[in-house]
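just need the structure, nothing else, for what follows:
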Amino acid sequence: MSPLGADKTVVLTELKNALRPIVGGAVDGPPAEANIAAIADAIYKVLTVDAVVSASATTDAAFWAWLTTVGTGSGAGPPPASLTGKLS
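Got it, this is the predicted structure:
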């Protein structure tokens with residue numbers, strides 16, 4: 001399961017919480033709810049279906065140095081040249 005949950009619920013909640021100080025309780029009304037839900041669904045799909053996460057010594061030197069230290073210290077050995085995957 002994605003860190004965002006099984007569906008758009010977390011994204012919808014965060015969007016509504018971010019908009020509430022600006023527009024008040026209107027975010028919970030049917031007209032706004034439908035629009036915000038559509039945006040939340042699109043954001044959720046981009047993050048869980050389309051996005052690819054990657055890291056390598058070139059793109060994130062500090063993380064890679066830490067990963068190498070942990071791997072060497074634990075006996076697992078150095079990390080591969082890069083890591084690539086989806087948020088799932």
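
just the element for residue 59, please.
If you go by DSSP states H and E, residue 59 is not part of any helix or strand.

distance check, it against residue 17.
Remark: distance between residue 59 and residue 17 (Cβ to Cβ, to the nearest Å) = 32 Å. Heads up, the C-betas are built off the backbone N, CA and C, glycines and all.

surely residue 37 is in contact with residue 8?
Yes: using Cβ atoms under 8 Å, residue 37 is in contact with residue 8, at 7.1 Å.

those two: who's more crowded?
A direct count of neighbours by other Cβ atoms under 10 Å for residue 37 and residue 8 places residue 8 higher, at 21 against 16.

now do the more buried one against residue 77, distance only.
From residue 8 to residue 77 the distance is 40 Å (Cβ to Cβ).

cool, residue 55 as well?
Residue 55 is 17 Å from residue 77, by Cβ to Cβ.
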